[in-house]
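>>> could you look at this predicted model? Sequence included:
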Amino acid sequence: MVDLGGQYQEIKEQVNKSISQILESASFINDRKCMPFKMN
């Protein structure tokens, strides 16, 4: 089985920092940091 909780704990700080930067910039559409998510 996959330990998603454990995997998240390993990258939690990086993920939360990135999400905070996007939310603070209010650039949700066509922002360079959001584009990789749109491509998938």
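Alright, I've got the coordinates.
>>> lowest-pLDDT helix or strand in this protein?
Here the helix or strand of the chain ranked lowest by mean pLDDT, DSSP states H and E is helix 35-39, holding a mean of 69.
>>> now the end-to-end length of stretch 22-35.
12 Å (C-alpha to C-alpha, to the nearest Å).
>>> how distant is it from the center of its chain?
A distance of 11 Å separates the C-alpha centroid of stretch 22-35 from that of its chain, computed with C-alpha atoms, centre = their mean, to the nearest Å.
>>> do the same with stretch 4-18
On C-alpha atoms, centre = their mean, the centre of stretch 4-18 falls 9 Å from that of its chain.
>>> mind listing what's buried in the longest helix along the chain?
If you go by DSSP state H, the chain has its longest helix at helix 4-25. In terms of neighbour count (16 or more other C-beta atoms under 10 Å), helix 4-25 has no buried residues at all. Quick note: C-beta positions are derived from backbone N, CA and C, even for glycine.
>>> give the residue spans of this structure that score low on pLDDT.
28, 37-40 (pLDDT under 70).
>>> please name the residues that touch residue 21.
residue 33 (C-beta atoms under 8 Å, 6 or more residues apart in numbering).
>>> how close does it sit to residue 32?
Separation of residue 21 from residue 32 (C-beta to C-beta, to the nearest Å): 12 Å.
>>> same deal with residue 10?
Noted for residue 10: a distance of 25 Å to residue 32, by C-beta to C-beta.
>>> try residue 17
Residue 17 is 16 Å from residue 32, by C-beta to C-beta.
>>> residue 27 against residue 34, yeah?
Yes. Counting by C-beta atoms under 8 Å, residue 34 is a contact partner of residue 27 at 7.2 Å.
>>> anything in contact with each of those two?
With C-beta under 8 Å, 6+ apart, residue 27 and residue 34 have no common neighbours.
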